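K.L.:
here are the coordinates; sequence isn't available:
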C-alpha cells in the first residue's frame, strides 16, 4: 500500500514539477507570474489529443507536437501580453492582469472549439500494468513519470551547460548586466517564455494521459497548483520547483489514501500557509536571495 | 574614436547631463573626474544606451550609435565595467568570464581566459567559486577580466577604485595602464583624482552636469581649481 501510493504520488508530482518549472523560468527572467500558464497547459493537452485522435500519431510524437504548439503560444503570449507592457514601464502588476486576460481568452477559445464536456485521452498503452511484488505501475505511469524526469534532466543540462542556458541565468540575475555583456535580453526572454510554455504543454499531455480526462477548465486548478509549487520551492528556483512538485504530488496522494480524500486539492495550499510561516523564502531558497534562480 | 556631441540626458524631469561634449581619441586614456552627482555615471550609462539622451549624439568610430540598443553597443566593441561591479553573483567566476565573451565566436576565447588568469591569478584559483563569494577587490578584478573577455576596442571604467583597499587600488590602476598599453582605448571615471590624472592622457572635469574644464591630464592636475577641489589644497 505504502509503496503503491508513493509511486502514484511521484508520478503525479513529476507533472506538477514540470508545470512549476514553467512558472519559475518566467518568474526568473521577468519577475512576473504568468497567469496564462495553466491555460497553455490545457491547450497542450488538447493539441496532444487532436494529434492522437485525428492524426493517429503515437503518444511521443503527439507530446512533441504539443510542445511545439506550446512554444508557439508562448511566443504569441510574449509578443502580445508581455513585451508591449515591458517597453512602456508600467506597474509590475500590469503583466499579471494581461496574462489573466490571455488565460480567460484561451479558455474561451478552448470551450468554443472543443465544448465543455470531459473527454477521454486514448493511448495505445492503456491497460498495460507492470506488476512488481510490492507495487504495480501502469505503462501510462511509466511514460508519464519517465517523460517528466527526462524533460527535467534535459532542462537542467540546458540551463547549466549551454550558452543559451547561461544567457537565461545571466538575464534572470540582472537584465542590465546581461545587456552590457552583449546579450540580447529581449530575445532571451522570448526563448524563456517559449521554453516554459513548451514544458507546460508537455505537462498537459502527461496529465491528460494519466487521468484519461481532458476539459477546457483543467488549466485553472492545475495552474493554481503550479503556483503552490512555485512558492513551495522558492520563486525562480528551478531545483526547488522540481522538488516542490514531487512533495505536493506525494502529499496529495497520501492524504487521499490515508483519510481526507475530499481535502485533496486543499493540501497544497495548506502546505503553503504552514510553509510561509516557517520559511517565507520557500523550501529551497536561501533567505534574502530575492527569489531568482 | 568616441565622440559625444551636446548630449542632454536625465531621469524623468531631472536633467543630469546639460549638453556634454567630449572626445576619446584612439589608444588614449581619458579620465572624467568630478564630485558625486556631477553626472559622470550618467554619461557612461548614456554611452551604453541604458539612458536615452533627449538631445545630442554619440559617435563611435564615426557611426551614430545614439539610438542603438545596449547589447548592440556592447557587440560593437564597447565594454562597461559598471560602478558597483555588477558581478553575476550566482554564476561561477569561470561562467562570468564566459559571459564576457558572449558575442565572440572565434577560437581564441580559451587563450584569452588564460591571459585573464595570468593577470589575476586569484581568479584562476577561484574559477569554480560563485561570483558573489569573492571579496570586493576580487570582484573588481573579475569585472575587468570579464570586460577584457569581450576584446573591447573601448573600455569604460566607472569608479573602479571605489571601496577598495589602497594596495588593491594601485594594482587596479596598474592593470588599467597595461590594458591601455595592449591597445584598448580607455575612458575612466574616477573620484580618486590623483591616481586618475597620473595615468590619463587627457582629462575632463564635470560639475553638476556640465564639463567645466578640460585639457592634458598633467595641466588639469596643476589647475588651481582642481587642486583645491579634488587634490586637498594647493601643491608646490
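P.N.:
Arrived safely. Keep in mind it's a predicted model, so treat the numbers as computed, not measured. Numbering: from 1, shown residues only, chains lettered A, B, ... in the order given.
K.L.:
Give me the contacts around stretch A:122-142.
P.N.:
By Cβ atoms under 8 Å, 6 or more residues apart in numbering or on different chains, the surrounding residues in contact with stretch A:122-142 are A:3-4, A:6-8, A:11, A:52-53, A:58-59, A:143, A:209-210, A:212. The way it works is simple: take the backbone N, C-alpha and C, and place the C-beta from them, glycine included.
K.L.:
With stretch B:21-29 instead?
P.N.:
Outside stretch B:21-29, the residues that touch it by Cβ under 8 Å, 6+ apart are B:1-7, B:30, B:32, B:43, B:56, B:154, B:176-177, B:180, B:183, B:185-188, B:199-202, B:204, B:211, B:214.
K.L.:
Which of those residues are buried? Put it as a ChimeraX command.
P.N.:
Typed into ChimeraX, the next command selects the buried ones out of those (criterion: 16 or more other Cβ atoms under 10 Å in any protein chain shown):
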select /B:1,2,3,4,5,7,30,32,43,56,154,176,180,185,186,187,188,199,200,201,202,204,211,214
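K.L.:
Chain B: helices as residue ranges?
P.N.:
In order along the chain, chain B carries the following helices (DSSP state H): B:40-47, B:70-75, B:93-100, B:109-119, B:121-125, B:136-149, B:166-181, B:193-199, B:217-222, B:224-230.
K.L.:
next one: the stretch 51-200 of chain A
P.N.:
A:59-77, A:83-88, A:94-114, A:139-161, A:163-173, A:175-180, A:185-211 (DSSP state H, counting those that start in this stretch).
K.L.:
Select, out of those, the one closest to residue A:120.
P.N.:
When the helices of the stretch 51-200 of chain A are compared by Cβ to Cβ, helix A:185-211 sits nearest residue A:120, at 9.3 Å.
K.L.:
other SSEs contacting the following helix or strand past the closest one?
P.N.:
If you walk from helix A:185-211 toward the C-terminus, the next helix or strand you reach (DSSP states H and E) is helix A:218-233. Helices and strands touching helix A:218-233, as assessed by 3 or more Cβ pairs under 8 Å, 6 or more residues apart in numbering or on different chains; DSSP states H and E, comprise helix A:2-30, helix A:37-53, helix A:94-114, helix A:185-211, helix A:238-257, helix A:264-278.
K.L.:
Out of these, the one nearest chain B is which?
P.N.:
With Cβ to the nearest Cβ as the measure, helix A:185-211 is the member of these nearest chain B (7.0 Å).
K.L.:
quick one: that closest one to helix A:2-30, angle?
P.N.:
When axes from the mean of the first three to the mean of the last three Cα atoms, to 10 degrees is applied, the directions of helix A:185-211 and helix A:2-30 differ by 160 degrees.
K.L.:
Within range of chain A, give me the residues from chain B.
P.N.:
Those residues of chain B that sit near chain A, judged by Cβ under 8 Å from any Cβ of the partner chain, are B:48, B:50, B:69-71, B:74-75, B:79-80, B:82, B:86, B:88-91, B:95, B:98-100, B:102-103, B:146, B:150.
K.L.:
change it to 6 Å
P.N.:
Applying Cβ under 6 Å from any Cβ of the partner chain, one finds that chain B approaches chain A through B:70-71, B:74-75, B:80, B:86, B:88, B:90, B:99, B:102-103.
K.L.:
quick one: contacts for the nearest residue to residue A:101 once chain neighbours are set aside?
P.N.:
Distances taken as Cβ to Cβ, 6 or more residues apart in numbering or on different chains put residue A:81 closest to residue A:101, at 7.0 Å, once the chain neighbours are dropped. Contact analysis of residue A:81 by Cβ atoms under 6 Å, 6 or more residues apart in numbering or on different chains lists A:98-99, A:102.
K.L.:
starting at the chain centroid, how far to stretch B:159-174?
P.N.:
Its chain's average C-alpha position is 13 Å from that of stretch B:159-174, according to Cα atoms, centre = their mean, to the nearest Å.
K.L.:
how about it: buried residues?
P.N.:
Of the residues in stretch B:159-174, those scored as buried under the neighbour-count criterion (16+ other Cβ under 10 Å) are B:159-162, B:164, B:168-169, B:171-173.
K.L.:
again, but for stretch A:55-69
P.N.:
Within stretch A:55-69, the residues that count as buried by 16+ other Cβ under 10 Å are A:57, A:59, A:62-67, A:69.
K.L.:
May I ask which two of these are separated the most?
P.N.:
Within the buried residues of stretch A:55-69, A:59 and A:69 form the most distant pair, 15.2 Å apart (Cβ to Cβ).
K.L.:
if we can go back for a sec, ok, which of the buried residues of stretch A:55-69 also contact chain B?
P.N.:
Applying Cβ under 6 Å from any Cβ, the subset of the buried residues of stretch A:55-69 adjacent to chain B is empty.
K.L.:
Reformat those residues as JSON lines; add distance to residue A:283 and pLDDT.
P.N.:
As requested, those are arranged in JSON lines below (distance: Cβ to Cβ, whole Å; pLDDT from 0 to 100):
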{"residue": "A:57", "distance to residue A:283": "38", "pLDDT": "90"}
{"residue": "A:59", "distance to residue A:283": "33", "pLDDT": "90"}
{"residue": "A:62", "distance to residue A:283": "34", "pLDDT": "94"}
{"residue": "A:63", "distance to residue A:283": "29", "pLDDT": "95"}
{"residue": "A:64", "distance to residue A:283": "32", "pLDDT": "96"}
{"residue": "A:65", "distance to residue A:283": "34", "pLDDT": "97"}
{"residue": "A:66", "distance to residue A:283": "30", "pLDDT": "97"}
{"residue": "A:67", "distance to residue A:283": "28", "pLDDT": "97"}
{"residue": "A:69", "distance to residue A:283": "32", "pLDDT": "97"}
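K.L.:
and which of those is nearest residue A:281?
P.N.:
residue A:67 (31.3 Å).
K.L.:
Test of understanding: give the bridge partners of the residue most central in space within chain B.
P.N.:
Chain B has residue B:157 as the residue nearest its centroid, 1.3 Å off, counting by Cα atoms, centre = their mean. Applying DSSP bridges to residue B:157 yields these beta-bridge partners: residue B:81, residue B:188.
K.L.:
so it touches residue B:188, yeah?
P.N.:
Yes. Here residue B:157 lies in contact with residue B:188, judged by Cβ atoms under 6 Å, at a distance of 4.9 Å.
K.L.:
what's stretch B:50-57 in contact with?
P.N.:
Surrounding stretch B:50-57, the residues in contact under the criterion Cβ under 6 Å, 6+ apart are B:5-9, B:45-46, B:64, B:66, B:70.
K.L.:
Which of those residues fall within strands?
P.N.:
In this view, the contacts of stretch B:50-57 that belong to strands under DSSP state E are B:5-9, B:64.
K.L.:
still on that earlier bit, same list, the helices and strands packed on helix A:218-233, but as JSON lines with mean neighbour count and mean pLDDT please.
P.N.:
Compiled in JSON lines, those are given as follows (neighbours: other Cβ atoms under 10 Å in any protein chain shown; pLDDT from 0 to 100):
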{"stretch": "helix A:2-30", "mean neighbour count": "24", "mean pLDDT": "92"}
{"stretch": "helix A:37-53", "mean neighbour count": "26", "mean pLDDT": "95"}
{"stretch": "helix A:94-114", "mean neighbour count": "17", "mean pLDDT": "94"}
{"stretch": "helix A:185-211", "mean neighbour count": "26", "mean pLDDT": "95"}
{"stretch": "helix A:238-257", "mean neighbour count": "23", "mean pLDDT": "89"}
{"stretch": "helix A:264-278", "mean neighbour count": "14", "mean pLDDT": "80"}
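K.L.:
Show me how to select, in ChimeraX, the buried members of the contacts of stretch B:50-57.
P.N.:
If you want just the buried ones from the contacts of stretch B:50-57 in ChimeraX, going by 16+ other Cβ under 10 Å, the selection is:
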select /B:5,7,8,9,45,46,66,70
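K.L.:
list the buried ones in the helix-or-strand element of chain B with minimal mean pLDDT?
P.N.:
Within chain B, confidence by mean pLDDT, DSSP states H and E is lowest for helix B:224-230 among all helices and strands, at a mean of 83. Neighbour counts using 16+ other Cβ under 10 Å place B:226-227, B:229-230 of helix B:224-230 among the buried residues.
K.L.:
ok, so of those, who is nearest residue B:129?
P.N.:
Proximity of these to residue B:129 was ranked by Cβ to Cβ; the top entry is residue B:230 with 36.9 Å.
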